[in-house]
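# Just to be clear, the model below is a prediction. Sequence and coordinates:
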Amino acid sequence: MSEQGAALPGRALRWAGRIVVRNKIATAATAVFLVVAVAISVAGTRSSGSSPQPDPVAPGFTLTALGDPGHDITLSQYAGKPVIVNFWASWCPPCQQETPLLARWYAGQHGHVILVGLDENDSAASALKFARAKGVTYPIGTDPQLAAANAYGVVALPQTFFLNAQHRIVDRVYGAVTLADLAKGVRLMDAPGP
């Protein structure tokens, strides 16, 4: 191999290295530009001249009542009233911790707050046994095919949605709710609308 032929791989590597460095710089510059553009866009939407986006409307649902196959649980049966919708399952470890707290809290509300549980991807027998053992007295709908969960965008359990009287979602809690979450959600549910 000639001296010139032996030098070609070295030149090719240096050339490739320069291209990589240029591409890294271009990629970094593009990323910085995008971050700045998004920040300016977000800042612009929060200016005093723009109106806030309305809260999303909660998807309706009609599900069979747990333990009472002849009856349905529907969101529309609570028309004009604020509602808490809690997605859970008996096999879900955080739900096992959350449900007794929800049951005690709901009992202490003496009917002043509507809470509906939606049991997801669970057997009715397991869910019913679990709900009874945890002292649940609020209505529960069964959602074995995840129709309601999919409509609400639930990808992990538990999740809780707080709906105002117009059934707009005013708050959402990922994971087990706390008493502080419940107090905040109820305040938002009861806040006067725009």
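That came through, no problem. Predicted, not measured: the structure shown is a model, and the values here were computed from it.

# What is the distance between stretch 76-94 and the centre of its chain?
Remark: stretch 76-94 is offset 13 Å from the chain centroid, using C-alpha atoms, centre = their mean, to the nearest Å.

# Let me fix that, I meant to ask about stretch 150-158.
6 Å.

# Pull the contacting residues for Leu115.
By C-beta atoms under 8 Å, 6 or more residues apart in numbering, Leu115 lies in contact with 83-84, 86, 102, 106, 109, 138. Every C-beta, even on glycine, is put in place using the N, C-alpha and C of the backbone.

# Weed out the non-buried ones from the residues you listed.
Taking 16 or more other C-beta atoms under 10 Å as the criterion, what is buried in the contacts of Leu115 is 83-84, 86, 102, 106, 138.

# Quick check: the farthest pair among the residues you listed?
Set against one another by C-beta to C-beta, the buried ones among the contacts of Leu115 have their most distant pair in Val83 and Leu102, with a gap of 13.7 Å.

# So which of the contacts of Leu115 belong to helices?
102, 106, 109 (DSSP state H).

# is it possible to export those to TSV including distance to Ser90?
Compiled in TSV, these are given as follows (distance: C-beta to C-beta, whole Å):
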residue	distance to Ser90
Leu102	14
Tyr106	18
Gln109	23
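
# is it possible to export these to a markdown table including pLDDT and distance to Val116?
Below are those laid out as a markdown table (pLDDT from 0 to 100; distance: C-beta to C-beta, whole Å):
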| residue | pLDDT | distance to Val116 |
| --- | --- | --- |
| Leu102 | 98 | 11 |
| Tyr106 | 98 | 10 |
| Gln109 | 94 | 13 |
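
# what's the closest of those residues to Ile73?
If you rank the ones in helices among the contacts of Leu115 by distance to Ile73 using C-beta to C-beta, Tyr106 comes first, at 14.8 Å.

# just checking, the closest one touches Pro139?
No - the pair Tyr106 / Pro139 is not scored as a contact, 10.2 Å apart, by C-beta atoms under 8 Å.

# now the strands for the protein?
62-65, 68-74, 83-88, 114-120, 140-143, 159-163, 169-174 (DSSP state E).

# Can you check which of these gets nearest to Pro56?
Of all the strands of the chain, it is strand 169-174 that lies closest to Pro56, at 5.1 Å by C-beta to C-beta.

# quick check: mean pLDDT across that closest one?
Regarding strand 169-174, the rounded mean pLDDT is 97.

# hang on, isn't Pro158 packed against Ser90?
No - judged on C-beta under 8 Å, Pro158 makes no contact with Ser90 at a distance of 11.4 Å.

# Have a look at those two and say which one is more surrounded.
Shown here are Pro158 and Ser90; by other C-beta atoms under 10 Å, Pro158 has more neighbours (25 against 20).

# Relative to Pro56, how far out is the more buried one?
Distance from Pro158 to Pro56, counting by C-beta to C-beta, to the nearest Å: 20 Å.
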